[in-house]
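[1] Attaching a predicted model along with its sequence, questions to come.
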Amino acid sequence: MNPVCFWRSSIRLSIFSSLSMIRIIEREEKIDKRMLDRQKQTGFIPPGRPKKWKNKLFAVLEQTVANRIEASQSDTRELDKMWLVRHLELTRKYVLEDLLVMKNLMAQCFPPHYNIFKKFQNLYHQALVARVEELATEDLEANEIVSLLTWVLNTYQSEDMMGHPDLAPEVDVKTLEPLLSNDVANMLLTKYMTTLTSNIIGWLRKALETDKKDWKKEQEPEADQDGYHQTTLPAIVFQMFEQNLQVAAQISDDLKLKVLTLCLQQMNSFLSRYKEEVMLYKDDHLKDRQHPQFYIQYMVAVVNNCQTFKESLNSLKRKYTKFEEEMEEDHYANQPTIEGTLDIIAKDGCVYLLDEVFLDLEPHLQELMTRKWLAGSNAVDIICVTIEDYFNDFAKIKRPHSKEITIEAHRRVVVEYIRTMMQRRITFRGLDERREGAERVLKDAEQFRFLFKKLSAGFTEDTDLLCDAIPALAEVLKLTDPSLLCLEVSTLVNKFPDFREEHITALLAMRGDASREMKQTVIETLCQNQAHAGPNLKPIFKDISAQNLTLSKLVK
């Protein structure tokens with residue numbers, strides 16, 4: 001019986017059988033050598049010589065190793081979605097076991113010049129290279145590419161395989177050749193990134209569609225542990241990003257950064273769609289303000305989601321990059337920043353919420369600066385109650401947007417109130433009526449001051465300028481001596497640089513007692529005391545029109 005056949009059944013032969021086989025092979029190798037030497041002298045060699053059993057031994061070893069690797073694949077994708085993971089794990093197990101057996105048991109059976117362990121290791125390496133390249137040419141799915149690359153780049157050299165302590169020092173992982181060429185590895189990475197891009201786009205689209213359906217639910221959105229309204233969208237999106245980054249980090253830092261860059265790119269595109277959908281949600285609601293029932297609460301959740309997105313994004317960057325410059329900024333440097341887009345969406349959401357408030361306030365704003373208002377209308381009482389009622393829902397908005405919407409609500413109330421004063425709805429008929437009107441304006445201003453002081457409790461924003469705007473105009477109305485108008489106008493212009501000619505025109509028209517000469521003097525005073533707004537000054541009068549009426553026209 002050919003002794004090489006002993007290797008066909010198993011690598012784990014008994015030491016005694018192996019010793020006998022090696023002795024026979026060595027004996028036959030010596031006979032082969034003698035026969036070849038004799039052939040050189042006589043030209044004759046016996047039939048069947050040389051037998052080359054040593055070469056056959058290694059040939060059979062090579063085939064046995066290849067069969068061993070191939071046999072570790074027990075299933076296909078059709079039968080088992082985890083087929084590749086199982087195949088790679090069995091391969092790892094078989095290779096490690098066989099190398100340990102060869103080193104600890106079999107190597108001593110072979111003469112040193114066979115260098116059998118090194119040859120056996122090389123046979124396994126060649127078999128693995130062939131198998132890995134074969135797998136790389138298959139139509140692998142994204143998760144399978146990850147499994148293969150993780151195994152090739154990490155598992156192969158880890159302590160669970162070639163880096164196992166019991167294989168040292170014969171196996172040095174630093175000297176191991178790669179299982180995949182750079183070209184093949186890059187091909188797989190490119191395919192993976194292409195597939196992942198498509199998957200992320202699909203996942204984000206599906207997540208947004210699910211969120212949109214929630215906006216129309218007949219129940220309030222869920223709340224976080226602090227009671228702030230939210231939807232599950234940020235959690236779903238960043239859980240998906242986190243999972244893919246964890247996978248990429250297992251392969252290489254370079255792939256991790258590429259996947260992070262991809263996530264940020266797709267986040268930018270996603271937020272553009274999110275912004276559009278929020279606007280469409282608002283537009284659809286305005287067609288019938290009774291629906292959806294919890295429009296306010298879900299718009300609050302949208303604003304809060306922006307803050308959650310920001311926090312999650314920063315957490316992701318801190319976790320997966322050492323320095324922000326590691327990011328591949330070139331891929332999205334020309335795109336709007338994600339933080340900037342989120343700020344815009346949150347600001348839009350706050351505007352939509354305040355638009356809802358002011359739609360309800362409109363009929364009551366129309367009552368201001370009318371005879372009905374002067375006679376004791378409760379319009380401002382209703383305005384304050386309505387705002388406070390809405391802010392019971394707005395209290396579920398997270399900072400900093402809760403602060404921003406409060407300040408903006410205050411600004412809009414002041415602007416809308418002043419706008420009614422600029423529309424010449426009423427002209428006072430005498431000193432008493434002017435005094436009564438001015439006192440009513442001061443009373444209204446005090447109600448607004450009290451309301452927003454209450455709503456902004458805990459905020460450090462200075463709103464004195466807003467609070468002082470309406471009373472400053474009341475002082476112009478309240479003056480009993482028209483000759484002091486110039487002084488009062490100078491004070492107004494210095495405090496509110498965006499206060500223009502058309503505004504004082506409207507106030508003088510409201511007073512109803514300014515002479516032609518006084519109006520001309522006021523023009524000159526206004527021109528001489530034009531102040532420049534500081535960089536931090538937020539204009540109040542800039543967007544308030546006074547129906548294009550100017551003093552220069554009035555005095556002609």
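    Now that the structure is in, tell me what you want to look at.
[2] could you measure the residue nearest to residue 199 when sequence neighbours are not counted against residue 92, distance?
    Leaving aside its chain neighbours, residue 199 sits nearest to residue 142 (6.4 Å; criterion: CB to CB, 6 or more residues apart in numbering). Bear in mind the C-beta positions are built from the backbone N, C-alpha and C, glycine included. According to CB to CB, to the nearest Å, residue 142 and residue 92 sit 22 Å apart.
[3] do residue 284 as well
    Distance, residue 284 to residue 92, by CB to CB: 56 Å.
[4] same check, this time on residue 187
    Distance, residue 187 to residue 92, by CB to CB: 23 Å.
[5] swap in residue 451?
    Distance from residue 451 to residue 92, by CB to CB: 70 Å.
[6] cool, and residue 453?
    69 Å.
[7] likewise residue 411?
    66 Å.
[8] try residue 361
    Counting by CB to CB, the gap from residue 361 to residue 92 is 70 Å.
[9] quick revisit: when residue 453 and residue 92 are compared, which one has more neighbours?
    Each of residue 453 and residue 92 has its neighbours counted (other CB atoms under 10 Å); residue 92 has more, 19 against 13.
[10] how many neighbours does the residue lying closest to the more buried one once chain neighbours are set aside have?
    Residue nearest to residue 92 in three dimensions, not counting chain neighbours: residue 161, with 5.2 Å by CB to CB, 6+ apart. Around residue 161 there are 20 other residues, counting by other CB under 10 Å.
[11] pretty sure residue 161 is in contact with residue 95, am I right?
    Yes. With contacts counted by CB atoms under 8 Å, residue 161 reaches residue 95, the gap being 6.6 Å.
[12] Could I get the full set of strands for the stretch 51-200 of the chain?
    Counting by DSSP state E, counting those that start in this stretch, one finds no strands in the stretch 51-200 of the chain.
[13] For it, which segments count as helices?
    53-71, 83-101, 116-136, 142-153, 182-215 (DSSP state H, counting those that start in this stretch).
[14] can you check the stretch 401-550 of the chain too?
    401-422, 431-455, 464-478, 485-495, 501-511, 516-528.
[15] buried stuff in the third one?
    Pointing back at helix 464-478 there. By neighbour count on 16 or more other CB atoms under 10 Å, the buried set for helix 464-478 is 466, 467, 468, 469, 470, 471, 472, 473, 474, 476, 477, 478.
[16] what's near enough to touch the fourth one?
    Residue 469 makes contacts with 414, 418, 496, 540, as judged by CB atoms under 8 Å, 6 or more residues apart in numbering.
[17] quick one: which two of those residues are the most distant?
    The two members of those with the most space between them (CB to CB) are 414 and 496, at 11.2 Å.
[18] what is in contact with the two at once?
    By CB under 8 Å, 6+ apart, residue 414 and residue 496 have these common neighbours: 469, 540.
[19] quick one: the residue nearest to residue 201 when sequence neighbours are not counted and residue 257, what's the gap?
    Distances taken as CB to CB, 6+ apart place residue 266 nearest to residue 201, at 6.3 Å, with adjacent residues excluded. Look at residue 266 and residue 257: by CB to CB, they are 15 Å apart.
[20] What of residue 120?
    39 Å.
[21] So for those two, which residue has more residues nearby?
    Taking other CB under 10 Å, residue 120 and residue 257 do not tie; residue 120 has more neighbours (24 against 18).
[22] for the more buried one, what are its contacts?
    61, 65, 98, 99, 102.
[23] now, which of the residues you listed sits nearest residue 112?
    Checking the contacts of residue 120 against residue 112 with CB to CB, the nearest one is residue 102 at 14.5 Å.
[24] what about the stretch 1-150 of the chain, any weak spots by pLDDT?
    1-23, 26, 29-32, 36-37, 51-55, 57, 60, 71-80 (pLDDT under 70).
[25] Work out for me the element the most centrally placed residue in the chain sits within.
    Centroid check for the chain by CA atoms, centre = their mean gives residue 313 as the closest residue, at 4.7 Å. Assigned by DSSP states H and E, residue 313 falls within helix 295-320.
[26] Counting by contacts, list what that helix packs against.
    If you count contacts as 3 or more CB pairs under 8 Å, 6 or more residues apart in numbering; DSSP states H and E, helix 295-320 packs onto helix 182-215, helix 233-251, helix 253-287, helix 338-365, helix 379-394, helix 401-422.
[27] Residue 158 and residue 164: what is the separation?
    From residue 158 to residue 164 the distance is 8 Å (CB to CB).
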